[in-house]
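Colleague: Here you go, sequence then predicted model.
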Amino acid sequence: PLVVEQILAVTIGMSDTIMVSSVGEAAVSGLSLVDTINILLINIFAALATGGAVVCSQYLGGRDRDRACVSAKQLIVSTGIFAVIIMGIVLIGCTAILQLVFTDVEPAVMWNAEIYFKISAWSYPFIALYNSGAALFRSMGNSKISMITSLFMNAFNILGNAVLIYGFHMGVAGAAISSLVSRILGSLFMLYLLRSPDNLIYIDSYRKLEFHPDMIRRILTIGIPNGLENGMFQIGKILVQGLIAGFGTVAIAANAVANNIAQMEIIPAAAIGLAMITVVGQCVGAGDYAQARLYIKKLMKIAYISMLAVNLIILCLVPLLLNIYNLSAQTYDTALELLLYHGIFAMVLWPASFTFPNACSRRCALYDVHLDCIHVAVQNLSELAARGDTGAWCIGRLARNVYRLALSHTLVLLAVSKRLMDEETYYHIR
């Protein structure tokens, strides 16, 4: 179910890009610029939801259903408030944000980006609530609910796109409105299902969500480092996108299409990473660390095998997939090259870099290291700009994967070494 859910999640953005491509490459480029920012915010919402899911999983593993339900309420409160604040900031400073991030963009591309950004900002609270609901159901071991809800959202989004883009000729505005309405309906449906007392975790009333600072602090202790870690890498992608924007509309459009299809290449490992949060969380909550290690090894083997199989299939089908988009010959060739490099890197590095860290219920947030790496990456990518879209895109992603791989395994080694040496030696090495 998690694999199907991830496929459906990718399909929402892909259907927008495919249908908007009929309007022109300026529309696709504007949509893709905004999507890099939207994905950053969605990752942060998902990270906060993950914090709540870890806490709930641990309570369920410890047979404490009442506190699991209380933590679910606090997750809804914290993510909802945070998303409303972000929505307000984006609505007020939409143009300024886009001009700050993407300084050298053609006027037609910026016009489309502003329209899509303003409309999609209204969906942030609903994305946050949906992610929270989906994470809670996953912590209960029920991933079918989020899969069914995502299927419903996709069907509505594709139908809405067809009507608004092809019927009313609304372009990117039509795609944004359709996505907004589908996310509203999906979040309301998820919140309704959470009311059922038949669930292991349920919310008895949304009028009495209460406020427990200690519980919210525990959720944020896990969610904030998680969000900052994922956010830092997404910020790196935004910086790369800013460089690519200077190469022209062809490079932006090729990058947008390549990102769409590249998301499909990582679906198996991403889905297994979500499952790992629930499985390891419940094992830790029950105090069974031996079983947690056993499941981590099994899930990592499944991740690598599935990534190899899926990527080989997609790489064979890439020419056919690119024909779905309405691309010029130059854009087609650039996107094809990008996807070839990404597929090779993903098979080797992605599971160890992104799936494996989900085994840690609390991540050490080495923010100073992240900031230093981003600073160095920006300098290096500026020098790589002369190589064009392919050089910046591929080398940036390779560096990101290698860095995450090294960092995640270093943290695990530190955690193990803490048990084998005295505190003073351990912190000196750290």
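Modeller: Right, received. Where do you want to start?

Colleague: quick one: residue 86 and residue 41 touch, right?
Modeller: Yes. The criterion here is C-beta atoms under 8 Å, and residue 86 meets it with residue 41 at 6.1 Å. In this view, the C-beta of every residue, glycine as well, is placed from N, C-alpha and C.

Colleague: so what sits against both of those two?
Modeller: Jointly contacting residue 86 and residue 41 under the rule C-beta atoms under 8 Å, 6 or more residues apart in numbering are residue 124.

Colleague: if you count what's nearby, which of these two comes out ahead?
Modeller: residue 41 (22 against 17; other C-beta atoms under 10 Å).

Colleague: Would you mind measuring from the more buried one to residue 235?
Modeller: 11 Å (C-beta to C-beta, to the nearest Å).

Colleague: Let me know the pLDDT of residue 200.
Modeller: With respect to pLDDT, residue 200 has a value of 90.

Colleague: mean confidence for stretch 58-75?
Modeller: pLDDT averaged over stretch 58-75 gives 89.

Colleague: Could you pull out the buried residues of it?
Modeller: By neighbour count on 16 or more other C-beta atoms under 10 Å, the buried set for stretch 58-75 is 58-61, 67-75.

Colleague: Stretch 336-349 too?
Modeller: Those would be 336, 337, 338, 339, 341, 342, 343, 345, 346, 347, 348, 349, for stretch 336-349 by 16+ other C-beta under 10 Å.

Colleague: Repeat that for stretch 302-311.
Modeller: For stretch 302-311, a neighbour-count test (16+ other C-beta under 10 Å) marks 302, 303, 304, 306, 307, 310, 311 as buried.

Colleague: Cross the buried residues of stretch 58-75 against helices and list the overlap.
Modeller: 58-61, 67-75 (DSSP state H).

Colleague: nearest to residue 210, of those residues?
Modeller: residue 73 (6.2 Å; C-beta to C-beta).

Colleague: Phi first, then psi, for the residue lying closest to that closest one once chain neighbours are set aside.
Modeller: Nearest non-adjacent residue to residue 73, counting by C-beta to C-beta, 6 or more residues apart in numbering: residue 209, 4.9 Å away. Backbone torsions of residue 209, given as degrees, to the nearest 10, read phi -80, psi -20.

Colleague: follow-up on the earlier one: what is the most widely separated pair among the buried residues of stretch 58-75?
Modeller: 61 and 73 (19.3 Å).

Colleague: Can you give me the buried ones in the helix or strand harbouring residue 120?
Modeller: Using DSSP states H and E, residue 120 sits in helix 107-121. For helix 107-121, a neighbour-count test (16+ other C-beta under 10 Å) marks 109, 110, 112, 113, 114, 115, 116, 117, 118, 119, 120, 121 as buried.

Colleague: now, among those, which is nearest to residue 331?
Modeller: The closest of the buried residues of helix 107-121, once distances to residue 331 are taken by C-beta to C-beta, is residue 109, at 13.8 Å.

Colleague: how about that closest one, what does it touch?
Modeller: Contacts of residue 109 (C-beta under 8 Å, 6+ apart): 26, 29, 30, 33, 245, 249, 252.

Colleague: Inside helices: which ones of these?
Modeller: 26, 29, 30, 33, 245, 249, 252.

Colleague: Pretty sure residue 110 is one of the things the first one touches, is it not?
Modeller: Spelled out, it's residue 26. No. Between residue 26 and residue 110 there is no contact under C-beta under 8 Å: 9.4 Å.

Colleague: Can you pull out the low-pLDDT segments for the chain?
Modeller: Within the chain, the segments meeting pLDDT under 70 span 229-230, 360-430.

Colleague: so how far is residue 313 from the residue lying closest to residue 15 once chain neighbours are set aside?
Modeller: Nearest residue to residue 15 in three dimensions, chain neighbours excluded: residue 158, at 5.0 Å (C-beta to C-beta, 6+ apart). Relative to residue 313, residue 158 is positioned 23 Å away (C-beta to C-beta).

Colleague: Tell me the secondary structure at residue 105.
Modeller: Under the three-state scheme (DSSP: H, G, I helix; E, B strand; the rest coil), residue 105 adopts coil.

Colleague: need the contact list for it.
Modeller: Neighbour list for residue 105: 33, 113, 245 [criterion: C-beta under 8 Å, 6+ apart].

Colleague: before we move on, what about residue 130?
Modeller: Residues in contact with residue 130, defined by C-beta under 8 Å, 6+ apart, are 149, 183, 186, 187, 190.

Colleague: Quick check: the gap between residue 299 and residue 271.
Modeller: Residue 299 sits 10 Å away from residue 271, going by C-beta to C-beta.

Colleague: Could I get the full set of helices for the stretch 201-350 of the chain?
Modeller: With DSSP state H, counting those that start in this stretch, the ranges of helices along the stretch 201-350 of the chain come out as 213-245, 249-265, 267-285, 289-322, 329-350.

Colleague: List the contacts of the third one.
Modeller: Outside helix 267-285, the residues that touch it by C-beta under 8 Å, 6+ apart are 2-3, 5-7, 10, 50, 53-54, 56-62, 138-139, 141, 143, 289, 291-292, 295-296, 299, 302-303, 306-307, 309-310, 350-351, 354-355, 358-359, 361.
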